[in-house]
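Colleague: Just the structure for this:
(one chain, ligands or ions: 2)
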Amino acid sequence: MNVDALADAKQVARREALARRKAAHSTDRGAGAGRLSELLAGHRGVPLSGYMPIRSEIDPRPAMAEASAYGPVAIPVIEGPGLPLHFALWEPEMPLVEGPFGACIPAEPQYVTPEILIVPLVAFTRAGARLGYGGGFYDRTLAKLRGEGAVLAIGFAYAAQEAEALPHDPNDQPLDLIVTETEVISPA
Ligand SMILES: Nc1nc2c(c(=O)[nH]1)N(C=O)[C@@H](CNc1ccc(C(=O)N[C@@H](CCC(=O)O)C(=O)O)cc1)CN2
Ligand SMILES: Nc1ncnc2c1ncn2[C@@H]1O[C@H](COP(=O)(O)OP(=O)(O)OP(=O)(O)O)[C@@H](O)[C@H]1O
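Modeller: Ligands and ions are numbered 1, 2, ... in the order given. Modelled structure (predicted):
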């Protein structure tokens with residue numbers, strides 16, 4: 001597939017998955033964060049990044065709050081287009097300001113390097129493929145962190161965001177695990 005056709009295929013997959021995510025969000029009872037907490041309990045004290053949910057993203061904050069009692073928890077900060085994300089320490093109830101694209105960031109960021117990343121997404125496959133909003137931010141960030149040491153990338157999503165297959169390119173970074181409100185998926 002050429003570059004334009006690939007970008008178009010990603011846009012179509014995004015649009016379809018976002019419609020399913022919105023429907024799942026409207027009936028969400030919070031079961032996903034409980035499952036995420038159980039998984040994270042096996043990694044206590046390891047520096048972790050979560051995210052501040054935007055739009056209809058599944059909310060990881062209850063699991064982040066629990067993890068913050070045992071070790072550092074951070075949230076992503078965009079440094080600029082084409083750059084990897086940085087991660088700033090987060091605690092429940094801390095003062096936040098609105099960052100680029102509407103995701104909140106700490107008012108006074110203190111940067112850390114996470115070893116476990118809870119990764120927001122638009123669509124995923126059981127094989128560990130991920131589609132985001134199209135900025136390439138997590139792809140660049142995971143490529144950099146994986147070049148520096150061991151990282152665990154945990155996709156967090158509604159089960160309805162699963163796709164049979166997704167258009168992919170060489171820059172796409174795979175997920176090591178996927179947690180949904182119904183299961184934990186370990187890509188083969
Ligand atoms: N909660 C949350 N925080 C996050 C992310 C995320 O996906 N979720 N990010 C993960 O990277 C970064 C924000 N990245 C984003 C990049 C693009 C768009 C966005 O809205 N893009 C446009 C169109 C993009 C395109 O050209 O296709 C859009 O969707 O309308 C949103 C967030 C950092 N923080
Ligand atoms: N490691 C990288 N180096 C350079 N460019 C990259 C890298 N990773 C991704 N890109 C570029 O970023 C752009 C967006 O990528 P893609 O559509 O896969 O983003 P996404 O995974 O949906 O978004 P995000 O990771 O921000 O949630 C593409 O043009 C892609 O080639």
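Colleague: Now do the helices in this structure.
Modeller: 3-26, 31-40, 61-67, 137-148 (DSSP state H).
Colleague: can you give me the angle the longest one makes with helix 31-40?
Modeller: Our comparison of helix 3-26 with helix 31-40, counting by axes from the mean of the first three to the mean of the last three CA atoms, to 10 degrees, yields an angle of 100 degrees.
Colleague: For helix 3-26, which helices and strands make contact with it?
Modeller: For helix 3-26, the packing partners by 3 or more CB pairs under 8 Å, 6 or more residues apart in numbering; DSSP states H and E come out as strand 123-124, strand 130-131. For glycine as for every other residue, the C-beta is placed from the backbone atoms N, C-alpha and C.
Colleague: What of the shortest one?
Modeller: Using 3+ CB pairs under 8 Å, 6+ apart as the contact definition, the elements that helix 61-67 packs against are helix 31-40.
Colleague: looking at it, Ile178 is touching Ala163, isn't it?
Modeller: No. Under the criterion of CB atoms under 8 Å, Ile178 makes no contact with Ala163, lying 11.7 Å away.
Colleague: Common neighbours of these two, please.
Modeller: Contact criterion CB atoms under 8 Å, 6 or more residues apart in numbering; residues shared by Ile178 and Ala163: Phe124.
Colleague: neighbour-wise, which of those two wins?
Modeller: When neighbours are counted by other CB atoms under 10 Å, Ile178 and Ala163 differ, and Ile178 comes out ahead with 26 against 17.
Colleague: Please name the bridge partners of the more buried one.
Modeller: Listed by DSSP bridges, the beta-bridge partners for Ile178 are Gly155, Ile185.
Colleague: Spatially central residue (nearest the centroid) of this structure, please.
Modeller: Val119 (1.5 Å; CA atoms, centre = their mean).
Colleague: Show the contacting residues for it.
Modeller: Counted by CB under 8 Å, 6+ apart, Val119 has contacts Tyr51, Arg130, Tyr138, Leu142, Ala153, Ile154, Gly155, Phe156, Leu175.
Colleague: export these to a markdown table and tack on neighbour count?
Modeller: Formatted as a markdown table, these follow (neighbours: other CB atoms under 10 Å):
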| residue | neighbour count |
| --- | --- |
| Tyr51 | 24 |
| Arg130 | 25 |
| Tyr138 | 24 |
| Leu142 | 22 |
| Ala153 | 22 |
| Ile154 | 22 |
| Gly155 | 27 |
| Phe156 | 30 |
| Leu175 | 26 |
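Colleague: Out of those residues, which are close to ligand 1?
Modeller: Contacts with ligand 1 within these, counted by CB under 6 Å from any ligand atom: Tyr51, Tyr138.
Colleague: Can you tell me which of the contacts of Val119 is closest to ligand 2?
Modeller: Relative to ligand 2, the closest of the contacts of Val119 is Tyr138; by CB to the nearest ligand atom it sits at 3.5 Å.
Colleague: Would you confirm that that closest one contacts Arg130?
Modeller: Yes. At 7.3 Å, Tyr138 and Arg130 qualify as touching, with contact defined as CB under 8 Å.
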